[in-house]
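**Q** Pasting a predicted model and its sequence here:
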Amino acid sequence: MDLLLPVGTPGGINSGSAEIPGSFGIVRLGNRLICIEANHYRLWLTAASAPRTSELIAWAVEEGMTDPETCLRDLEDAQLLVTDRPSLTSVADRLAIRLIGDLVGNGTTSSPHFFAVGRKNNKISLDQYFFDLLLRTDGVTPISSYFDSVDSIRQEHDQRNSIQALFDGIPLLLRAGVIRLDAAIERGAQ
């Protein structure tokens with residue numbers, strides 16, 4: 001598996017202020033603002049297309065960035081990128097899904113195909129599992145909190161566990177601009 005997913009909300013590269021160094025990018029992660037060097041920010045932002053790690057590194061090299069592998073590790077250490085290294089269970093406990101596109105349902109005629117429209121008018125088809133999951137997400141609750149409620153919807157022939165099914169579908173949802181990943185608020189903390 002070659003999982004590479006950005007976490008947080010982009011704030012752009014800024015000219016600076018009392019709290020933000022000049023020429024740094026800002027990412028909101030949960031309730032924190034993180035300032036990162038411009039090339040790190042560009043690499044993080046490009047990861048929103050959910051590329052393979054090798055594709056992102058090749059892009060960074062073409063852009064003249066030095067040592068993109070270290071940059072990716074720095075972003076992972078800052079919890080701004082999810083890679084295939086951590087277990088999916090621990091990632092599902094610390095991440096939240098925020099819907100940034102629109103869910104448009106499955107129409108007035110019964111159909112197993114539901115649809116969502118992303119930020120660039122990308123229309124994608126969803127199964128009932130993903131539709132129900134996205135309908136329930138609030139942008140702050142850990143992803144793992146939803147598994148029990150949507151597992152009853154999973155089709156009997158789909159033998160993947162909820163975590164694997166979710167992480168198989170997240171790259172498409174990110175690329176289409178339907179969701180963003182963010183830091184979850186710890187259970188019980190409000």
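**A** Everything's here; your move. Residues are numbered from 1 along each chain as shown.
**Q** Check which helices and strands the longest helix along the chain sits against.
**A** Secondary structure of the chain per DSSP state H: the longest helix is helix 162-175. Judged by 3 or more CB pairs under 8 Å, 6 or more residues apart in numbering; DSSP states H and E, the packing partners of helix 162-175 are strand 4-6, helix 88-94, helix 128-136, helix 147-151, strand 179-183. Backbone N, C-alpha and C define where each C-beta goes, glycine included.
**Q** average pLDDT across the fourth one?
**A** Which is helix 147-151. Across helix 147-151, pLDDT averages out at 69.
**Q** same deal with the longest one?
**A** Computed over helix 128-136, the mean pLDDT rounds to 86.
**Q** now the last one
**A** Summarised as a single mean, pLDDT over strand 179-183 is 94.
**Q** again, but for the first one
**A** Per-residue confidence for strand 4-6 averages out to 88 on the pLDDT scale.
**Q** Partner strands of it and their direction?
**A** strand 81-83 (antiparallel) (DSSP bridges).
**Q** Centre of the chain to the strand it pairs with, how far?
**A** Relative to its chain's centre, strand 81-83 lies at 9 Å (CA atoms, centre = their mean, to the nearest Å).
**Q** what's next to it, contact-wise?
**A** Strand 81-83 has contacts (CB atoms under 8 Å, 6 or more residues apart in numbering) with 3-7, 44, 47, 53, 72, 75-76, 91, 95, 181.
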